[in-house]
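Novice: what would the 3D arrangement of this be:
(2 chains)
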Amino acid sequence: MPEKPSLLKRLEFIDRRWLFLALAGSIVLPLLFPIPLPLYVSPMVQDLYDAVEALPEGAIVLLSADYDPSGKPELEPFHVALTHHLFRKNLRVVIVSLWPAAPPLTEIVMDRVGVETTYGKVYGVDYVNLGFKEGRQIVMKSMGSSIRNTFPTDRQGTLVTDLPLMEEVDSYDDVAMLINISAGSPGVKEYVQVVQSRWAVPMVGACTAVSGPDYVPYYKAVPQQLLGLSAGMKGAAEYEKLVGRPGEAMSGMAAQSASHLLLIAFIVFGNVMLYLSRRKGGA
Amino acid sequence: MIGDFFIPHAAFSRVVQEIQQWGLIVVSFTYLLGVVNILQVHSAKVQRRSPEAPYSIVLVVSLLGMACLGIFHDHKSADSPFIWLYNTVYDPLSATMFALLAFFITSAAYRAFRARSTEAVLLLSAAILVMLGQVPVGAAIWGPDSFLGGFPGVKDWIMDVPNLAGKRAVLMGAALGAISTGLRIILGLERAHLGGGN
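Specialist: The predicted model follows:
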């Protein structure tokens, strides 16, 4: 009769579906039963908020929304909070996308915020959505020469020459700030390298949590290449707090906290088992 | 294109602008190449009756279906079939695929993140401190008003000092590498990208 494996061995080779179940529980339970937790606003997000806040009323902002549904849970909450902030401050917004799957997400955000119903903004006058253009860095550079040539029509096919707002905008020199919401490439890094370094346009960005550390050098550069940066759902939650509109990111913080604690517990537990099995093996 | 960064002259800019327009057109055609390539690869799989043939059929039908809806039908208004498929199929599937990553990380955390050396101990310690500083529960345990700024303060220091130094080194190294590789290609010293011999 085969010898029954020790508890240590059984734990070491535990069916990973138990781990998956534990993770699912750590995410779902805090969403069902929210736990209030203090939210600390990091300097990067505070600086992003302050940079937008410092823009004069009526200033034109170029918003490049470059993400797809895979990055939506992390970036859409920021996009929503930012859109509230931009239109509450009566800024005018030109929206472009360098990711093919981004334009429908932008429209969902505009609808959710109620740009026309809540803020009373008029399409073509207060904001325009130029849609998607393939070409990555070439499009970024081409917009520096002429946005109207790069995007001859808006997302709905209207000639940009028929949009009053676009009479005032034709290059980065005409925008007060470039805001990039990006889930990867092309995104913050490419905009810094191709646009910010060339046209010195004030720029802020939002990215997924995993990309955050990659972009810190641009925020810490002297002079700053990024005036502020929001990374992941945590950054979005901080921005929601600053804008005063608690949303999906803030409500997701307890779930993210619980899942992080679970991961840390697994790392510690896995290493304790390694230590014990080594001691047992060496004994 | 590189010269445009260094030559701020109107005549030169006009030439570059023209080349950029060509570039945009050429890049658009790469989509067509991509579609042809996908069709070739997956139709071959179906013909060979490979075990993955059903997945290839789903891929090709989805590709052609969405393309036809986008080309021959309205694909911009919220109530169009294209946007309906985007919202009800592509959006949740794409988010689900990305979310699965969390489950793989959990499994890896349990089985693979082992402190087998001093470097691994440093890496794991930094990871745990950043993970705790990144979420509100970290601030609840050791808050920003405490010694060293608590977990958020320690996390900010790790990101701003060791991480920043490492990232800058990587960025500079990559940039120098790109310049040297570019020069080698321009000078004809590097020909591997053309295929053929060594």
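Novice: quick one: the strands in chain B?
Specialist: For chain B, none of the segments meets the definition of strands by DSSP state E.
Novice: mind listing what's buried in the longest helix anywhere in chain B?
Specialist: In chain B, assigned by DSSP state H, the helix with the most residues is helix B:10-47. Neighbour-count burial for helix B:10-47, counted by 16 or more other Cβ atoms under 10 Å in any protein chain shown, picks out B:16-17, B:20-21, B:23-24, B:42, B:45. C-beta here means a position set from N, CA and C on the backbone, and glycine is covered the same way.
Novice: and the lowest-mean-pLDDT helix or strand in chain A, which residues are buried?
Specialist: Ranked by mean pLDDT, DSSP states H and E, the helix or strand of chain A with the weakest confidence is helix A:7-12, at a mean of 77. Of all the residues in helix A:7-12, those buried under the rule 16+ other Cβ under 10 Å are A:11-12.
Novice: check stretch A:123-138 too.
Specialist: Buried, per 16+ other Cβ under 10 Å, within stretch A:123-138: A:123, A:126-138.
Novice: from those, which is closest to A:G157?
Specialist: Ranked by distance to A:G157 (Cβ to Cβ), the buried residues of stretch A:123-138 are led by A:G131 at 9.1 Å.
Novice: relative to A:P34, how far out is A:E74?
Specialist: Going from A:E74 to A:P34 by Cβ to Cβ, to the nearest Å gives 19 Å.
Novice: which one's more surrounded, the two?
Specialist: A:E74 (26 against 13; other Cβ atoms under 10 Å in any protein chain shown).
Novice: pretty sure the more buried one contacts A:A237?
Specialist: No: checked against Cβ atoms under 8 Å, the pair A:E74 and A:A237 is beyond contact range at 10.6 Å.
Novice: can I get the buried residues of helix B:10-47 in JSON lines with pLDDT and distance to B:A174?
Specialist: Converted to JSON lines, the buried residues of helix B:10-47 look like this (pLDDT from 0 to 100; distance: Cβ to Cβ, whole Å):
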{"residue": "B:V16", "pLDDT": "86", "distance to B:A174": "25"}
{"residue": "B:Q17", "pLDDT": "84", "distance to B:A174": "29"}
{"residue": "B:Q20", "pLDDT": "84", "distance to B:A174": "25"}
{"residue": "B:Q21", "pLDDT": "84", "distance to B:A174": "29"}
{"residue": "B:G23", "pLDDT": "86", "distance to B:A174": "23"}
{"residue": "B:L24", "pLDDT": "84", "distance to B:A174": "26"}
{"residue": "B:H42", "pLDDT": "95", "distance to B:A174": "34"}
{"residue": "B:K45", "pLDDT": "92", "distance to B:A174": "36"}
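Novice: who's in contact with the closest residue to chain B within the stretch 151-283 of chain A?
Specialist: Residue of the stretch 151-283 of chain A nearest chain B, by Cβ to the nearest Cβ: A:S257 (3.5 Å). Neighbouring residues of A:S257 by Cβ atoms under 8 Å, 6 or more residues apart in numbering or on different chains: A:30, A:35, A:37, B:135-138.
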